[in-house]
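Novice: with the sequence up front, the predicted model follows.
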Amino acid sequence: MSSAPQPSCVLRGHRKDVTAVKFAPWTDHHEHPVLLSGAADGELLVWSLYTHRSVASTTAHAGHPVLGIHAIGGSHVLTQGRDGFVRTWDVREGGISGPLFECNVTTFSFCQAVPVPSAASPGAEEASSSPLPLIAMSSPDAQEVVLWDTRQQRPARQLTPTVTRERAGMCMSLHFVGGPDSLLSGWEDGSLQLFDLRGTSRPEVRQLHSEPLLCLDVCPTAKAVVTGAADCQMNVVPLVARENGGLGLGEPTKVSIPVTSESSGSGGISSLRVRPDGKIAASGGWDKRVRLWQWRKMKPLAVLRHHTATVNSVDFSPCCQWLASGSSDGTVALWSGLYC
C-alpha cells in the first residue's frame, strides 16, 4: 500500500456522532461541491467546501439519529430519522426550508430507506413539495421489506426474504439497481437478496457473510455490487442480465479486511461507496479507518487514519475529487484528489 494521505480538512460542527454524509448533485456559487451531514441528535448541516464551515442547519429529526440523506432532484433532499419519520427539505446556499413533506413510516430500525431511482437520480426535474410516490424500507419489525406509498400513507407492497438458515433476521441495507424494478437487500443472516419487483417470485439469494450484511453499493455501470459486513469481509458480486430482462446474482469474490489491534475490535464494515467514475471504492469501518480499493480487482490502495471512533458513513462527490467520511467522533473528514 502507498503511504496514507492526510485529510484536506476536518469539519467540526456536530455535537453528537456523525451518522450520515452525502454530497449533493449541485455546486455552490464557488463551483465547490455541497456536502450535507446528519448526526445522532437529529441535526442536519450543510457545509461549504470553500470556507470549510457550515452554512445552514436544521433539526431534521429532533433527538433521533439521522439514518440517511438522499438527493431527490432540484435542490431537494430526503432525510430519514430513527424517530420513524421521512422528511423532504429544500436545501439552498442560504438555508434549509421545510419540511416540505413528512411521513410517519413507523419503522425504527437502522436500515436506511431508499427512494425510487427516478426520484433519487441526479439531474432529475426539480421536485415539488408533493410526496415521493414510493420508498423502500424495512418493515416495522424489520423482518420484511416494505414499499411505502407516501401518497396513501401506507404500505403498497411487502416483500418477504428467502430463508437460508433458521431465519433471515432483520433487513440491514437496501439499494435499487438498474432502475425501479430490481431491489438489492442485505440481511442479518449475512445473505444478499435480489427482488425482481415486476413479479411475485421469491428473491434470488447469495449467502455471503457469517455476520449481518450491514452495507452495500453498486458500481456506476450496474454490473456488480459490493457488500460489507461485521465479519471482516467484503464481497463483490456480478450482476448478470437474465433472459426475462431482469438481473441475477453471479458468483461472489471475497475480499478480506485485515484485523487491527484497535480496542474497537474487528474492522467490521459499516459503510461502502463506489466512486462515480467506477475507479475507486471506499469502505468505512468499526476500526476507525477508511480504506481505499481499486475497484476492478479490489486491490487495496490506502488506509486513511484520522478518526478516533467508528466511521459510520462515506461518500464521494459527483466530480470524483472529494471523499467525505463521517464518524462517531463527531467530525467529518474531507479528502481530496485521491487517485484521480
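Specialist: Now that the structure is in, tell me what you want to look at. Numbering: from 1, shown residues only.
Novice: okay, CA-based contacts and neighbour counts for the rest of this
Specialist: OK.
Novice: quick one, helices of this structure?
Specialist: With DSSP state H, the ranges of helices along the chain come out as 117-120.
Novice: residue with max distance from the center of it?
Specialist: In the chain, the greatest distance from the average C-alpha position (Cα atoms, centre = their mean) is reached by residue 243, at 29.9 Å.
Novice: that one and residue 180: what is the separation?
Specialist: As judged by Cα to Cα, to the nearest Å, residue 243 and residue 180 stand 18 Å apart.
Novice: and for residue 98?
Specialist: In terms of Cα to Cα, residue 98 sits 27 Å off from residue 180.
Novice: next one: residue 330
Specialist: 35 Å.
Novice: and those two? which has more neighbours close in?
Specialist: Applying other Cα atoms under 10 Å to residue 330 and residue 180 shows that residue 330 carries more neighbours, namely 20 against 16.
Novice: contacts only, for the more buried one.
Specialist: 12-18, 39 (Cα atoms under 8 Å, 6 or more residues apart in numbering).
Novice: report the buried members of the residues you listed.
Specialist: 14, 16-18, 39 (16 or more other Cα atoms under 10 Å).
Novice: just the ones of those in strands?
Specialist: Residues from the buried ones among the contacts of residue 330 lying in strands, with DSSP state E as the criterion: 18, 39.
Novice: now render the buried ones among the contacts of residue 330 as a markdown table, adding pLDDT.
Specialist: Formatted as a markdown table, the buried ones among the contacts of residue 330 follow (pLDDT from 0 to 100):
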| residue | pLDDT |
| --- | --- |
| 14 | 97 |
| 16 | 98 |
| 17 | 98 |
| 18 | 98 |
| 39 | 98 |
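Novice: pick the one among the buried ones among the contacts of residue 330 closest to residue 297.
Specialist: Each of these was scored against residue 297 by Cα to Cα, and residue 18 proved nearest at 30.6 Å.
Novice: how far away is the residue farthest from the centre of the chain from residue 102?
Specialist: 40 Å.
Novice: dig out what residue 300 forms beta bridges with.
Specialist: residue 293 (DSSP bridges).
Novice: show me the contacts for residue 77.
Specialist: 69-71, 88-91.
Novice: give me the buried subset of these.
Specialist: 69-71, 88-91.
Novice: narrow those to those in strands?
Specialist: 69-71, 88-91.
Novice: neighbours around residue 304, how many?
Specialist: Residues near residue 304, counting by other Cα under 10 Å, number 19.
Novice: thought it was touching residue 6?
Specialist: Yes: using Cα atoms under 8 Å, residue 304 makes contact with residue 6 at a distance of 7.1 Å.
Novice: where do the strands of the stretch 51-200 of the chain begin and end?
Specialist: 53-59, 66-71, 76-81, 85-92, 95-104, 114-115, 134-138, 145-149, 154-159, 171-176, 182-187, 191-196 (DSSP state E, counting those that start in this stretch).
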